[in-house]
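> output the structure for:
(2 chains)
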Protein chains: 2
Amino acid sequence: MKRKEFLKKSIIATVAGTSILSACAPDKKLDTEQTNTINYNKIHRWKMVTTWPPNFPVLGEAANLFAEMVEKMSGGRLLIKVFGGGQLVPPLEAFDTVASGTVEMGCGAAYYWTGKSPATQFFAAVPFGMNAQMLNSWLVSGGGYELWKEVYARFNLIPLMGGNSGVQMGGWFNREINSIEDFKGLKMRIPGLGGKVIEKAGAAAVLVAGSELYTSLERGVIDALEWVGPYHDYKMGFHKIAKYYYSPGWHEPGTELEFFMNNKAYEKLSSDLKEIVQSASQRIQNWMLAEFDFQNAIYYQKILEEEKVEVKKFPKPVLDSLKNYTVQSLEEVIGSDPISKKVYEHYKDFLKKASVYNKLTEEAYYNLIAK
Amino acid sequence: MKRKEFLKKSIIATVAGTSILSACAPDKKLDTEQTNTINYNKIHRWKMVTTWPPNFPVLGEAANLFAEMVEKMSGGRLLIKVFGGGQLVPPLEAFDTVASGTVEMGCGAAYYWTGKSPATQFFAAVPFGMNAQMLNSWLVSGGGYELWKEVYARFNLIPLMGGNSGVQMGGWFNREINSIEDFKGLKMRIPGLGGKVIEKAGAAAVLVAGSELYTSLERGVIDALEWVGPYHDYKMGFHKIAKYYYSPGWHEPGTELEFFMNNKAYEKLSSDLKEIVQSASQRIQNWMLAEFDFQNAIYYQKILEEEKVEVKKFPKPVLDSLKNYTVQSLEEVIGSDPISKKVYEHYKDFLKKASVYNKLTEEAYYNLIAK
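Numbering: from 1, shown residues only, chains lettered A, B, ... in the order given. Predicted coordinates:
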């Protein structure tokens, strides 16, 4: 491919949110232009409101890391003060707070904002949808990020990729799931689309605050819950009070996290700081999945070997039923919202292409090395 | 986790190659320190020698992108001129050229340098080893990058992660592979450890330059070859002259690419530019797998639907034999080289932990969505 063609392509689909062309003028010219327009004495002070408890493992840590990277890269010219959920505003007010411009930046997961626009959830987790690697490819190279920007632009926000959890676990159950009938009457903490899906199977999707989950499961207020994965679940102590740990997390096969910025605040940054912010996002995108996989592998071993928890797989017919209910739920979402339809059809098209290729590669390889 | 504990942990194992602690002084102090030590008028001009033809799809593009990102983030204060293989020095002299300090930076894949140190190959591709996601977790969070730095430090080099190809294809064959016996007398272009493995099965691993591959396969000089994946393979036209396209790429389950810098050149950079270079590496690390997956999915569809190539899977007993030969080959490598032993044992320990967890998550999920 010729350099020009490549650059043209890059702008359309390749590097998330970064206009590369302006960096491709001959060295001398760019050099003069940039040093002329950057005011190295200007210090930007931003606030970031997050939806996590302060310093929450991995997710809150990512917000801190983002701020630290940006501070270091910018030589202290862009300083971002990170606030845990509730420290400045309640966690779920982060979106509105940044949209209004009261605060410059936020951190969360796009499915928290389905009340604002149902299309947001396609940028976080879709049951039976893409895993982390597919979603990253769709966002970075496949045009997904451009759609995300379109959805958030209505709220004066610019999204940034903020990492991925990888395939989550299916949750902790005190009832065995042998058939889809076993969901009837089951009280489970499971938010988002996953919750809608199990409700179609006759379960009750219950809302419980994180701090009350342990007690609720212990006292039988709920029969089951899903949280994140072995690392976070172990810290919550669920292995002490639940009988079974189910896999895989059909409802969250690779949950994408996010940062979001007020567009006016972003536009005030010089071109170098904009590029620094984009790079920090991509660095967190790479770091988080690595960190989740690393911690989860260690804590899964603890759960299995030290705690002797019984790990079970959902039976295939149960998963088939849940998949059918998922298709119905998704049709309800896109049936009443044109932008959701547009995003989901793009998403589905990529998922199909990626699945065909993955069958031969990642999937075949996992099966090959399976013991 | 407390902030202090988190930061301490980060330095040991979390964020690849970045000392975070120095960025965590109170805002004011850091701010003053950094603006005092950064000379915003200083312009660094670096050269990067690559092992790829100029602007080679994905791999050469990544080198260009790296330079463009760094230029933009640094406001034109770190300018990296990228040279295709052979433009300044022959491709495989990149390592020595940067080690000697003649040029500041290089781009390649660590298994090219097994002649310098056999341990380098563990940072590129190991047959039946880690795929891209596992390798990224090992490098970023599991301590792998620290070992990589240790191996390269002997050559005055600092490595940087430079992307991953994902699971490659098994190659193009003009002979059917029904049993391990079919490797006897097979002439195949396959470099590195994969080549050593098929030689144990009685094949001849032949060295053929990229530019001569098409003609060699067409004329029967070789019976088989492996190149990269559907995107690159299609551009080479192998589908026109080969009978079978085999999967999966047991020999390169997730090949890591790299940048490497002369350590003296790196030390001359101010702290902001060092952080910028580290971030560009992580951004490429995330971008490349996304781009490979995206392009490969599209080109695999072309190969399958437009070109009607017969895609075959290696039979299980063949893969089992190749795996046994791989174990032998790896024992030969580590038997004679203590640093290889140290690296491989660390690698193998993580692969085992990650595989146990992946069985329940990524692997179970791929199997779940398989049609």
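> and what about residue A:79, helix, strand or coil?
strand (DSSP: H, G, I helix; E, B strand; the rest coil).
> my error: substitute residue A:261 in the last question.
strand.
> ditto for residue A:158
Here residue A:158 takes the strand state, with states given by three-state DSSP.
> contacting residues for it?
With contact taken as C-beta atoms under 8 Å, 6 or more residues apart in numbering or on different chains, residue A:158 is in contact with A:17, A:149, A:152, A:260, A:261, A:262, A:263, A:266. In short, each C-beta sits where N, CA and C put it, glycine included.
> dump these into CSV; add pLDDT as well.
Below are the contacts of residue A:158 laid out as CSV (pLDDT from 0 to 100):
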residue, pLDDT
A:17, 32
A:149, 98
A:152, 98
A:260, 98
A:261, 98
A:262, 98
A:263, 98
A:266, 98
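> any chance of those in a markdown table with neighbour count as columns?
Formatted as a markdown table, these follow (neighbours: other C-beta atoms under 10 Å in any protein chain shown):
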| residue | neighbour count |
| --- | --- |
| A:17 | 20 |
| A:149 | 16 |
| A:152 | 26 |
| A:260 | 26 |
| A:261 | 25 |
| A:262 | 23 |
| A:263 | 18 |
| A:266 | 18 |
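> closest to residue A:246 among those?
Lowest distance from residue A:246 to these (C-beta to C-beta) belongs to residue A:260, with 32.4 Å.
> if I pick the closest residue in space to residue A:168 that isn't next to it in sequence, what's in contact with it?
Leaving aside its chain neighbours, residue A:168 sits nearest to residue A:249 (3.4 Å; criterion: C-beta to C-beta, 6 or more residues apart in numbering or on different chains). By C-beta under 8 Å, 6+ apart, residue A:249 lies in contact with A:167, A:168, A:169, A:170, A:171, A:226, A:229, B:361, B:365.
> now, which of those residues lie within strands?
Counting by DSSP state E, those place residue A:171 in strands.
> and the contacts of residue A:249, which of them are in helices?
Assigned to helices by DSSP state H, the following of the contacts of residue A:249 qualify: residue B:365.
> which single one of the contacts of residue A:249 is nearest to residue A:332?
Minimum distance to residue A:332 across these is 21.6 Å, recorded for residue A:226 (C-beta to C-beta).
> which residues does the closest residue in space to the closest one that isn't next to it in sequence bridge with?
Ranked by C-beta to C-beta, 6+ apart and with sequence neighbours excluded, the top spatial neighbour of residue A:226 is residue A:171, at 3.4 Å. As for beta bridges, residue A:171 partners with residue A:246 under DSSP bridges.
> near chain B, which residues of the stretch 51-200 of chain A?
A:55, A:57, A:61, A:64-65, A:68-69, A:71-77, A:79, A:81, A:128, A:131-134, A:136-142, A:166-169 (C-beta under 8 Å from any C-beta of the partner chain).
> thinking again about what came up before, now do the residue nearest to residue A:168, the pLDDT please.
Note on residue A:249: pLDDT of 95.
> where does the stretch 251-371 of chain A have low pLDDT?
A:371 (pLDDT under 70).
> in it, which spans are strands?
A:256-262, A:310-313 (DSSP state E, counting those that start in this stretch).
> tell me the most buried of those?
strand A:256-262 (a mean of 25; mean count of other C-beta atoms under 10 Å in any protein chain shown).
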